[in-house]
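Peer 1: Provided below for reference: sequence and predicted model.
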Amino acid sequence: AQSVAQPEDQVNVAEGNPLTVKCTYSVSGNPYLFWYVQYPNRGLQFLLKYITGDNLVKGSYGFEAEFNKSQTSFHLKKPSALVSDSALYFCAPYTDKLIFGTGTRLQVFP
Amino acid sequence: GAGVSQTPSNKVTEKGKYVELRCDPISGHTALYWYRQSLGQGPEFLIYFQGTGAADDSGLPNDRFFAVRPEGSVSTLKIQRTERGDSAVYLCASSPWASGLANEQFFGPGTRLTVL
């Protein structure tokens, strides 16, 4: 069965500090990998995706993600967190459809 | 430009009733997706349209769920004989190309369905 694991329900970080939101996956083949963000009362928004090539992918709002094939991980990172980054983040591998994780709530404190 | 819109934003119905949820995708997007998001969970794929046809309906939970996209634009998700377990937020997304190219999907705000 195909699955996605976001092991942390919530990540707390102080503004200005680096952040990491973890994701590991178990899917067949070589999936594309996506991160989406869900702000309160707003729809899911695309952050970034990995297709092929450089293992470090840069996306919107200063976010980046590191693909590790041997560990089947695709962790989301940002060097310096902002309070406005507080939201729900979803990792989603893509084979023939997006498979979403359960999400990680990021809380950035001033 | 206008994003994906969904109506109604909220729908409350009684067990056993029929409901229709509408999705208006971004103009020109040929791919359209329906997802269901239960409380505390990530979105769960239901069905994908490429144009007017359902290319993949493997996520529909049972035959009470049906979706159409007759003119390749607006789509309607139909749920018959609703059950309390159908309560969730139903999300629609559209994409400019076929699913196989793994392009970014643009999501609507969702319809929150509550079955009493």
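Peer 2: Thanks, I have it.
Peer 1: next up, the contacts around the residue in chain A that chain B sits nearest to.
Peer 2: Nearest residue of chain A to chain B: A:Phe100, at 3.2 Å (CB to the nearest CB). Glycine gets a C-beta too; all of them are placed from N, C-alpha and C. By CB atoms under 8 Å, 6 or more residues apart in numbering or on different chains, the contact set of A:Phe100 is A:4, A:36, A:90-92, B:35, B:42-44.
Peer 1: mind checking the SS state of the residue nearest to A:Phe100 when sequence neighbours are not counted?
Peer 2: In space, A:Phe100 comes closest to B:Gly42 once its chain neighbours are excluded; the distance is 3.2 Å by CB to CB, 6 or more residues apart in numbering or on different chains. Secondary structure, DSSP: H, G, I helix; E, B strand; the rest coil: B:Gly42 is coil.
Peer 1: and the pLDDT at B:Gly42?
Peer 2: Here, the pLDDT recorded for B:Gly42 equals 93.
Peer 1: go on, A:Thr95?
Peer 2: pLDDT, read off for A:Thr95, is 84.
Peer 1: got the confidence number for the residue nearest to it when sequence neighbours are not counted?
Peer 2: Distances taken as CB to CB, 6+ apart put A:Pro31 closest to A:Thr95, at 5.1 Å, once the chain neighbours are dropped. Per-residue confidence (pLDDT) for A:Pro31: 88.
Peer 1: tell me who's in contact with A:Pro31.
Peer 2: Applying CB under 8 Å, 6+ apart to A:Pro31 gives the contacts A:25, A:93-95.
Peer 1: quick check: the gap between it and A:Pro40.
Peer 2: Computed as CB to CB, to the nearest Å, the A:Pro31 to A:Pro40 distance reads 29 Å.
Peer 1: for A:Phe90, give its distance to B:Ser73.
Peer 2: With distances taken as CB to CB, A:Phe90 is found 27 Å from B:Ser73.
Peer 1: nope, A:Gln71 is what I meant
Peer 2: For A:Gln71, the distance to B:Ser73 - CB to CB - is 42 Å.
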